[in-house]
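Participant: Here's a sequence, model it:
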Amino acid sequence: MSNPETLLELRAIAQRYTSGQRVFTALEGIDLTVHAGEFVALLGPSGCGKSTLLRIITGLQRPTSGQVLYRGQPLRGVNPHATIVFQTFALFPWLSVAENVEIALRARGVPAGLRTPRALDLLDRVGLDGFENAYPRELSGGMRQKVGMARAMAVEPELLCLDEPFSALDVLSAETLRNDLIELWTGGHIPTQAILMVTHGIEEAVLMASRIVVMDKGPGRIVADIEVTLPYPRRRKSPAFTEIVDHVYGLLAGQTQPEDIEMGVAPGEPGPTRALPEIAIHDLTGLLEHVARLPTLRTDIYRLEDELSVGSDHLLRLIDAAELLGFATVVQGDIHLTPLGETYVDASILGRKEIFAARIRRLPIFKWLFAMLRATANHHLEWDVVKAALALEFPPDETERQLTTLVDWGRYAEVLAYDTGNSLLALEPNAEPNIPAAARDGGAPQSGL
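Facilitator: Reported below is the predicted structural model:
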């Protein structure tokens, strides 16, 4: 059998952004090849640069360095052989369903007499026959996304790029659309030669793709390239399916590192500043309580997605927070509750706050914030002042999230106050009391926090 034809090749792709005097690296050292006949999923946590990479591949964005080749030729400008479907439906509300598809054909110079029959044929293939004269407002979210896919396929792209196409849909609509796309792809009902899909859903990637390219962040990079040979249709509960899901979770969750590595450094110090996971405290508590009810105080991470009804990206952020605070460790794709995690779960409401406060006082980013606040006359700072300081450490879109998380965690622990009306952060009177012994010594694992 001859080797499959190479459509896309990325060589040493890097993407950097400058904010003031600081340079942020979004992507580094990306090497990737996509062949005809492949359904490739780009999988990774939020912020790892998946969507940025997709824009580079389609020619909507130029990389800072590296080379993009399509069929062996350097890509210059927009890739005429690729099209992209975004997570938002991006339909023209004043055009009918058929007209939304036809507009893509008109942009490619298809004669007027051929546009309507081709549009109607595509709408029939995606199951929208009978809705050609409807307007987007009359359709469900799943049906609107089908129109978006029909419009993308109308120009018969060799490479169909999907940027989290199911994330804006309800669960049932997303599942139906996934199955429809797989049926079109495996049945040869679309002219596309390869599909490249961005997702942060681990099960979604295993369900659909023939290859999973796993990415991590800090900076965005490829950490694994996994071939999925399971036959279609794939069954989520089969041992082979769950084995792959478990393996990918293990890659993304990693292993709990020694405390100095897990915590990172404070802003302004040499080395990477540790970003706080964007999570709600009650969600973290729910995760810990669930694991605490298990006889062994541990479980495979992949099981938690169904048991807690949370997405994989959200689940990984919760586990990251549990590691950072010393409530859990991760070993070979399993989450283990630490003695401190047990103590936190068993504590009263006020006891949990005290333990949480003791743990965040250990984090370099909180120590940095407390030092800034102590240095002012009234122990308070304006939101924008702290935000400007954080902007030296994080990309613009991450800065606001980090400050919001700092305030949320600090208010829960009763070590920070925030005056919404005046946009002021302030130290609470008990911001830095003596650290309780249980949180200082007894519960911290040897590795992790």
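Participant: okay, stretch 227-237 in PDB with CA atoms only?
Facilitator: Output of stretch 227-237 as PDB, limited to C-alpha atoms (Å, rounded to 0.1, in the frame of the first residue of the first chain):
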ATOM      1  CA  GLU A 227      -3.200   6.900  16.600                       C
ATOM      2  CA  VAL A 228      -6.800   5.800  17.300                       C
ATOM      3  CA  THR A 229      -7.600   2.600  15.300                       C
ATOM      4  CA  LEU A 230     -11.000   1.900  16.900                       C
ATOM      5  CA  PRO A 231     -13.700   1.100  14.300                       C
ATOM      6  CA  TYR A 232     -16.600   3.400  13.800                       C
ATOM      7  CA  PRO A 233     -19.100   3.700  15.400                       C
ATOM      8  CA  ARG A 234     -17.200   3.900  18.600                       C
ATOM      9  CA  ARG A 235     -18.700   2.800  21.900                       C
ATOM     10  CA  ARG A 236     -17.800   5.000  24.900                       C
ATOM     11  CA  LYS A 237     -18.100   2.100  27.400                       C
END
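Participant: what mean pLDDT does that stretch have?
Facilitator: Averaged over stretch 227-237, pLDDT sits at 91.
Participant: when you give positions from now on, start the count at 840
Facilitator: Fine by me, first position is 840 from now on; the one you just mentioned is stretch 1066-1076.
Participant: and it, how far out from the chain's middle?
Facilitator: 23 Å (C-alpha atoms, centre = their mean, to the nearest Å).
Participant: What ranges does the stretch 1040-1189 of the chain have for its strands?
Facilitator: 1050-1055, 1060-1066, 1137-1139, 1167-1170, 1173-1176 (DSSP state E, counting those that start in this stretch).
Participant: Turn those into CSV, columns for distance to E1253 and mean neighbour count.
Facilitator: All C-beta spots, glycine's among them, are computed from the backbone N, C-alpha and C. Putting the strands of the stretch 1040-1189 of the chain into CSV (distance: least, C-beta to C-beta, whole Å; neighbours: other C-beta atoms under 10 Å) gives the following:
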stretch, distance to E1253, mean neighbour count
strand 1050-1055, 34, 21
strand 1060-1066, 39, 15
strand 1137-1139, 31, 15
strand 1167-1170, 23, 23
strand 1173-1176, 24, 22
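Participant: Adding distance to G916, write those out as CSV.
Facilitator: Below are those laid out as CSV (distance: least, C-beta to C-beta, whole Å):
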stretch, distance to G916
strand 1050-1055, 25
strand 1060-1066, 25
strand 1137-1139, 46
strand 1167-1170, 44
strand 1173-1176, 46
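Participant: Which one, of those strands, ends up nearest to T1031?
Facilitator: strand 1050-1055 (15.4 Å; C-beta to C-beta).
Participant: Quick check, pLDDT for P1284.
Facilitator: 36.
Participant: Oops, could you answer that again for V1224 instead?
Facilitator: 93.
Participant: Same question for M1047.
Facilitator: 93.
Participant: which residues touch it?
Facilitator: The contact partners of M1047, by C-beta atoms under 8 Å, 6 or more residues apart in numbering, come to F878, A880, R1017, L1020, I1021, M1036.
Participant: Check G883 too.
Facilitator: K889, H1039, V1053, M1054, D1055, K1056, G1059, L1091.
Participant: Apply 7 Å and report the result again.
Facilitator: K889, H1039, V1053, M1054, D1055, K1056 (C-beta atoms under 7 Å, 6 or more residues apart in numbering).
Participant: Just give me the neighbour total for the nearest residue to L882 once chain neighbours are set aside.
Facilitator: Closest residue to L882 apart from its sequence neighbours, by C-beta to C-beta, 6 or more residues apart in numbering: A1044 at 4.6 Å. If you count neighbours by other C-beta atoms under 10 Å, A1044 ends up with 28.
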